[in-house]
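J.: Got a predicted model here, sequence first, then my questions.
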2 protein chains.
Amino acid sequence: MGLELPLDQILVGDCIAEMQRLPPASVHAIFADPPYNLQLKGDLRRPNDTLVDGVDDAWDRFADLATYDAFTRAWLAEARRVLRKDGTIWVIGSYHNVFRLGAALQDLDYWVLNDVIWRKANPMPNFRGRRFTNAHETLIWAARGEESRYRFNYAAMKALNEDQQMRSDWFIPLCTGPERLRDAAGAKVHPTQKPEALLHRVILACTNPGEIILDPFLGTGTTGAVARRLGRHFIGIERDQGYADAAAERIQAIVPLSETAALTMAGKREQPRIPFGTLVERGLVPPGSLLMDRARRWSATVTADGSIRCGRAQGSIHQVGAAVQEAPSCNGWAFWHVELPGGRLRLLDEFRAEILGLQA
Amino acid sequence: MGLELPLDQILVGDCIAEMQRLPPASVHAIFADPPYNLQLKGDLRRPNDTLVDGVDDAWDRFADLATYDAFTRAWLAEARRVLRKDGTIWVIGSYHNVFRLGAALQDLDYWVLNDVIWRKANPMPNFRGRRFTNAHETLIWAARGEESRYRFNYAAMKALNEDQQMRSDWFIPLCTGPERLRDAAGAKVHPTQKPEALLHRVILACTNPGEIILDPFLGTGTTGAVARRLGRHFIGIERDQGYADAAAERIQAIVPLSETAALTMAGKREQPRIPFGTLVERGLVPPGSLLMDRARRWSATVTADGSIRCGRAQGSIHQVGAAVQEAPSCNGWAFWHVELPGGRLRLLDEFRAEILGLQA
DNA sequence: TTCTAACCTGAATCCGCTC
DNA sequence: TGAGCGGATTCAGGTTAGA
């Protein structure tokens, strides 16, 4: 390999320069919370005349859109080099910058998979009453390229949402209370610290335990903290020494979850493949058995080599299932049943689950 | 003045050419639902093998992103000429095109005021389980320029939202049922007809009665129908004669409402839904926690994705609750408890109530 | 007539391994 | 690397058919 990856470390420096020192195709995922280019004009005051503590740090100011675009394209290009072929990138922004980010991603041959809306449970109201309450931010989730076979932990996301598909709109509170890092005077250490719940969902969605997530704009280290808790490795890059110090201290204090607690639901795709022939070999469905669909409309006979026959149609459980229904395809495991002595039908998939259970 | 405005008419033709014939600074608002450039490849089937009727119309196909960008900038530039100085524009899109739209708006010196999320009550699921359910579309709301004194009907929006500031995320159902235009054979007339509830909110937000809203991609005329109902004038441009005819017939049948009656047409109220995974993400019941039934007869471990495990059984709080009791079903919220430091058991439902209280 | 169950559908960039 | 094929995959709401 040559280069050693700086796992679970915070690199203090410019994110482009630091990424250039990483080997290509080396990280499984990237989460990036770049400067928003907010361009606030003057002070913003609440109706009671108190001053809103907005983002006016130097790192968030750019001369113009062209400068911001050049910066965006430079770090996104470097990020793409560092990203593994099956890796994905998350980028978060608001309407000030997210269109620049999205267009740059597309122009650099990333392939957008979703835009995800972080709906804030407790957004700051619009004090002037001149616009809609800006109650969300946008995350763009993209693969390295159009043909990428990227990772998506579908079953884990579904489990997180009580057994329904996870949607593209996420309702999560702002980072407040004890989670929010504050200095001795009680001031926010970082103006845009992201909630850990947001990173929890991001990291579970696209990485497995032991894999590596890179954050080129680490800030006060939410990505590192959640990665460590969930048993993932992180690489953080942060230009500001003060933020980096706060992040290091914060991440150090995180207690990683036990291996079992970090284990999420495995989808069927992740489970070992069992050929139907195995059921025949082991005598669970002996040759000569009769298979039937749920409505007992069709039946087929099991042969010794694990193929089945229904009239003139012979082939796999899938092929014959498709043939009798005149359907383009068929999952034979979820179609064919065996009649038990009492007359009840038992799905082939249940026999398979029995074998998978014995293996575990 | 010279030129007479074609009020409450549908101009059949290319939107750029037709806009060029309108005088400058003549309309108060623009709503534009341009082609999304979806780039669908093969066909898509539901798990039950039925075919999804995707958008494959010729008007949605572009050679590449550069062609799409050129088209976008051309019509946006013409729209800006036609827009009054105090006018605003709404543009709707999905992740396929919305970044191109937003970047073009900014480059043409429009000033983005909000991005607004249309959260769909009933989106189409992701049938292959390869991405998050694409459950929203994005509207960009922009003024003609940075210094524009644009109109925003703050009080009307607040009234529509039970006297709270209107947020940037709107929960609105798809256009289905009787509202959806269908031909004699029952086929949808237009593949992407927008719901009237969406336009209702848009038009109320940025126009007054008697003012003019322009739609350069009228389609089957939702903008015209809602404008007429709300006592606004519209100018519609549509290239396809069939769509234009359907729109004309539809708008003709609309009965204008009084403004007070219009205000009563609020959006659908959403029921909050808290999945168990939310408690896990937010750290109320962290991964690794032990759940117990009231009699402490069974216990289960919480994992990072909100599933729980008891022996070999893993699944939702409901599934595992049912499994350990050998019952057909179980309400996990009312079954599982967490042991508090003092030893007292606290029901999961109480944690959920806590979150619901915060949201209200 | 009324209730229930089955069926239909919506702006969708929707598979992945083996040979 | 392209073909072949195993087999994984859906939610809400409206409409229609049937009991």
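T.: Structure received.
J.: Backbone dihedrals for the closest residue to DNA strand C within the stretch 51-200 of chain A, both of them.
T.: Using C-beta to the nearest atom of the strand, the single residue of the stretch 51-200 of chain A nearest to DNA strand C is A:Val112, 3.8 Å away. The C-beta positions use only the backbone N, C-alpha and C, and glycine is treated the same way. As for A:Val112, its main-chain torsions (degrees, to the nearest 10) stand at phi -70, psi 130.
J.: list the contacts for it?
T.: For A:Val112, the contacting residues are A:Gly102, A:Leu105, A:Gln106, A:Ile140, A:Trp141, A:Ala142, B:Tyr95, B:His96, by C-beta atoms under 8 Å, 6 or more residues apart in numbering or on different chains.
J.: now it, which residues is it bridged with?
T.: Applying DSSP bridges to A:Val112 gives these bridge partners: A:Ala142.
J.: That one and A:Phe217, how far apart?
T.: A:Val112 sits 20 Å away from A:Phe217, taking C-beta to C-beta, to the nearest Å as the criterion.
J.: So which of the contacts of A:Val112 wins on neighbours?
T.: Compared across those, A:Ala142 has the highest neighbour count, 28 neighbours, by other C-beta atoms under 10 Å in any protein chain shown.
J.: what residue ranges in chain A are flagged as low confidence?
T.: With pLDDT under 70 as the threshold, chain A has low-confidence stretches at A:1-3, A:38-47, A:49, A:51-52, A:56, A:358-360.
J.: Residue numbers of it in contact with DNA strand D?
T.: Contact residues (C-beta under 7 Å from any atom of the strand) of chain A with DNA strand D: A:154-155, A:158, A:163-165, A:267-269, A:273-276, A:315-319, A:329-334, A:349.
J.: which of those residues count as buried?
T.: Neighbour-count burial (16 or more other C-beta atoms under 10 Å in any protein chain shown) applied to the residues of chain A next to DNA strand D gives A:154-155, A:158, A:163, A:165, A:267, A:276, A:315-319, A:330, A:332-333, A:349.
J.: how about those, which pair is most distant?
T.: In terms of C-beta to C-beta, those reach their longest pairwise distance at A:Asp163 and A:Gly315, which sit 33.9 Å apart.
J.: What residues does the stretch 101-250 of chain A have near DNA strand C?
T.: A:Gln106, A:Trp111, A:Val112, A:Leu113, A:Asn114, A:Arg149.
J.: what packs against the strand or helix carrying A:Val91?
T.: Applying DSSP states H and E as the criterion places A:Val91 in strand A:83-93. Using 3 or more C-beta pairs under 8 Å, 6 or more residues apart in numbering or on different chains; DSSP states H and E as the contact criterion, the elements in contact with strand A:83-93 are strand A:27-32, helix A:65-82, helix A:98-107, strand A:136-143, helix A:196-206.
J.: Give me the buried positions along that strand.
T.: Of the residues in strand A:83-93, those with enough neighbours to count as buried (16+ other C-beta under 10 Å) are A:Leu83, A:Arg84, A:Gly87, A:Thr88, A:Ile89, A:Trp90, A:Val91, A:Ile92, A:Gly93.
J.: separation between the residue most central in space within chain A and A:Asn48?
T.: Residue closest to the average C-alpha location in chain A (C-alpha atoms, centre = their mean): A:Ala205, at 2.6 Å. Remark: distance between A:Ala205 and A:Asn48 (C-beta to C-beta) = 41 Å.
J.: What of A:Arg312?
T.: Counting by C-beta to C-beta, the gap from A:Arg312 to A:Asn48 is 83 Å.
J.: for A:Trp75, same thing?
T.: With distances taken as C-beta to C-beta, A:Trp75 is found 40 Å from A:Asn48.
J.: Also A:Arg296?
T.: Following C-beta to C-beta, the distance that separates A:Arg296 from A:Asn48 is 74 Å.
J.: These two: which has the busier surroundings?
T.: More crowded of A:Arg296 and A:Asn48, by other C-beta under 10 Å: A:Arg296, with 10 against 6.
J.: got the contact list for that one?
T.: With contacts defined as C-beta under 8 Å, 6+ apart, A:Arg296 is in contact with A:Leu345.
J.: on that earlier part again, which single one of the buried ones among the residues of chain A next to DNA strand D is nearest to A:Gly342?
T.: Ranking those by separation from A:Gly342, with C-beta to C-beta as the measure, puts A:Asp349 on top at 19.4 Å.
J.: Tell me if I'm right that that closest one and A:Gly332 touch.
T.: No: counting by C-beta atoms under 8 Å, A:Asp349 does not reach A:Gly332; the two are 9.3 Å apart.
J.: Could you give the bridge partners of the residue nearest to A:Val202 when sequence neighbours are not counted?
T.: Counting by C-beta to C-beta, 6 or more residues apart in numbering or on different chains, A:Val202 lies nearest to A:Trp90, which is 5.4 Å off, once chain neighbours are set aside. For A:Trp90, the beta-bridge partners are A:Phe31, A:Trp141 (DSSP bridges).
J.: how much space between A:Trp90 and A:Ala225?
T.: When distance is defined by C-beta to C-beta, A:Trp90 is 16 Å away from A:Ala225.
J.: show me the contacts for the nearest residue to A:Ser329 once chain neighbours are set aside.
T.: Closest residue to A:Ser329 in three dimensions, ignoring its sequence neighbours and counting by C-beta to C-beta, 6+ apart: A:Ala322, at 5.3 Å. Taking C-beta under 8 Å, 6+ apart as the contact definition, A:Ala322 lies against A:Pro328, A:Ser329, A:Cys330.
J.: quick check, the first one in a helix?
T.: By that I understand A:Pro328. No: the assignment for A:Pro328 is coil, going by DSSP: H, G, I helix; E, B strand; the rest coil, so no helix is present there.
J.: is it true that it touches B:Thr50?
T.: No: in this structure, A:Pro328 sits apart from B:Thr50 without contact. The criterion is C-beta under 8 Å, and the distance is 10.8 Å.
J.: quick one, helices of the stretch 101-250 of chain A?
T.: Counting by DSSP state H, counting those that start in this stretch, the stretch 101-250 of chain A has these helices, from start to end: A:154-160, A:196-206, A:222-229, A:241-252.
J.: One more: the stretch 251-360 of chain A?
T.: Along the stretch 251-360 of chain A, the stretches classed as helices by DSSP H, counting those that start in this stretch are A:259-262, A:276-281, A:317-325, A:348-359.
J.: Tell me the helices and strands packed up against the second one.
T.: So that's helix A:276-281. Counting contacts by 3+ C-beta pairs under 8 Å, 6+ apart, helix A:276-281 packs against helix A:348-359.
J.: buried set for the helix it packs on?
T.: A:Leu348, A:Asp349, A:Phe351, A:Arg352.
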